[in-house]
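Q: Build me a model from this:
(one chain, ligands or ions: 1)
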Amino acid sequence: MTILHNSSLKNYNTFGIDVKAKTFISVETIEDLKTVLQKNYAEDLFILGGGSNMLLTRDIDSTVLHIGLKGKQIIKETEADVLIEINAGENWHEIVLWTLENNWGGFENLSLIPGNIGTAPIQNIGAYGTEIKDNLVAVKAINIQTLEIREFSNEECSFGYRDSIFKNKEKGKYIILSVTFKLKKKEHLVKTNYGTIAQALEEMGIKDPSIKDVSDAVIKIRKEKLPDPQILGNSGSFFKNPVVDKDHLEKLKNIYPEIPSYEVGKGEYKIPAGWLIEKAGLKGYREGDAGVHKNQALVLVNYGAATGAEILELAQKVQREVFRKFKVELQPEVNIF
Ligand SMILES: Cc1cc2nc3c(=O)[nH]c(=O)nc-3n(C[C@H](O)[C@H](O)[C@H](O)COP(=O)(O)OP(=O)(O)OC[C@H]3O[C@@H](n4cnc5c(N)ncnc54)[C@H](O)[C@@H]3O)c2cc1C
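A: Residues are numbered from 1 along each chain as shown. As a prediction, the model looks like this:
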């Protein structure tokens, strides 16, 4: 267990925001985690994974608890499937690469998403037509108050678009300890019809792609499209893609016939938030060191010394401008503290 006081979080959040934690504790075992919870349960704990889905706007005047639980194991194997349990502190993409080395299918479209395993179910991470819920069997979590360990089945997690029970009914009540997944050992369901995967595979000269090829294509696309947080601070998509009803979409189509949309439920349509931000004239917009990325309008970036408050101000400006132009409210995907 590592304990630090008055410690900078700059290297613990992908926005690279320089705020301080009153106390910073990193735990590597469940026993240590329980000890911390027993001592600090009354305090307002701040749980930290890979720091890739948060905007820190102030110093944290309590204990930041970094979940560093490492380890992975095969629970069960049949000819067709494998059941694996991965501890919360493992890095998501490293686990994706491990599953690919073993030719286990299911995670390939989710390659190169930053962050840790324990955080992935919270917003049901998704990309290129796949969500973590598609292969998730169960989530093991500890109740912060009672220390009771509970297993949530896939159904009990109430997954939705960038959503789960851990963002709603059980928000702030649990720390995720491990996640169990079921992956396919053969007859892989190769998904290439989303985004530009098919095009990337063609450019790579691949006709009959394996899951590893799909992963390589996704990595190639993401590297070309998204800024690398190591070079330019960011938290990926800052906003969720908004959903509007048919009436609203028709009104928008009368003014902007080219508006992209796709149906997500009965009479409900998702509009790419990046398109709205770009159309509002904010792609590449910059105020000091806070900016809207020049190629990806959905990504807000820290050019170096932006504070969390400055990024938040920019995010609010984006929300205001998009609402003024389209009467559409953008909701942040990133957790703001
Ligand atoms: C360049 C870039 C690209 C991205 N692309 C995608 C994408 O394609 N799809 C996608 O879905 N997301 C994407 N993201 C967002 C991000 O990678 C995911 O949301 C990821 O799951 C966050 O993991 P983390 O460990 O970094 O979470 P953190 O930022 O550390 O934490 C996020 C939230 O979870 C809580 N938390 C952390 N660990 C635990 C735990 N063990 N138990 C309970 N609560 C916990 C924290 O308190 C916080 O509220 C991207 C981010 C970046 C920077």
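Q: Spit out the contact partners of L300.
A: Neighbouring residues of L300 by Cβ atoms under 8 Å, 6 or more residues apart in numbering: N234, S235, F238, A290, G291, V292, H293, I311, L314, A315, V318. The C-beta positions use only the backbone N, C-alpha and C, and glycine is treated the same way.
Q: Which positions in the helix or strand that contains the last one come out as buried?
A: Using DSSP states H and E, V318 sits within helix 308-326. Across helix 308-326, burial judged by 16 or more other Cβ atoms under 10 Å covers 308, 310-315, 317-319, 321-322, 326.
Q: With stretch 167-186 instead?
A: For stretch 167-186, by 16+ other Cβ under 10 Å, it's 167, 170, 174-184.
Q: just stretch 278-285 next, same as before
A: Residues E278, K279, A280, L282, K283, Y285 are the ones in stretch 278-285 that count as buried (16+ other Cβ under 10 Å).
Q: which one among those gets closest to V137?
A: E278 (39.1 Å; Cβ to Cβ).
Q: hmm, back to that, list the ones among the buried residues of stretch 278-285 that fall in helices.
A: E278, K279 (DSSP state H).
Q: Show me which pair in the buried residues of stretch 278-285 is furthest apart.
A: Taking Cβ to Cβ, the two most distant members of those are K279 and Y285; they sit 12.8 Å apart.
Q: Those residues of the stretch 151-300 of the chain touching the ligand, which are they?
A: I175, I176, L226, P229, N234, S235, G236 (Cβ under 6 Å from any ligand atom).
Q: Just put these in JSON lines and tack on secondary structure and pLDDT.
A: JSON lines is the format used below for those (DSSP: H, G, I helix; E, B strand; the rest coil; pLDDT from 0 to 100):
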{"residue": "I175", "secondary structure": "strand", "pLDDT": "97"}
{"residue": "I176", "secondary structure": "strand", "pLDDT": "98"}
{"residue": "L226", "secondary structure": "coil", "pLDDT": "94"}
{"residue": "P229", "secondary structure": "coil", "pLDDT": "95"}
{"residue": "N234", "secondary structure": "strand", "pLDDT": "98"}
{"residue": "S235", "secondary structure": "strand", "pLDDT": "96"}
{"residue": "G236", "secondary structure": "strand", "pLDDT": "95"}
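Q: List just the nearest of these to the ligand.
A: Using Cβ to the nearest ligand atom, G236 comes nearest to the ligand of these, at 2.5 Å.
Q: Tell me who's in contact with that closest one.
A: S52, N53, I113, P114, L226, V299, E333, V334.
Q: out of those, which is most surrounded?
A: N53 (24 neighbours; other Cβ atoms under 10 Å).
Q: Could I get the phi/psi values of E250?
A: Per-residue torsions, E250: phi -60, psi -40 (degrees, to the nearest 10).
Q: going forward can the numbers begin at 624, since that is how I track them
A: Yes, from this point I'll number from 624; that puts the last item at E873.
Q: That one and the ligand: what is the separation?
A: Per Cβ to the nearest ligand atom, to the nearest Å, E873 is found 30 Å from the ligand.
Q: quick one: pLDDT of that residue?
A: pLDDT for E873: 96.
Q: Between all of the residues of the stretch 774-923 of the chain next to the ligand, which two are at the greatest distance?
A: The span of these, defined through Cβ to Cβ, is set by I798 and L849 at 28.5 Å.
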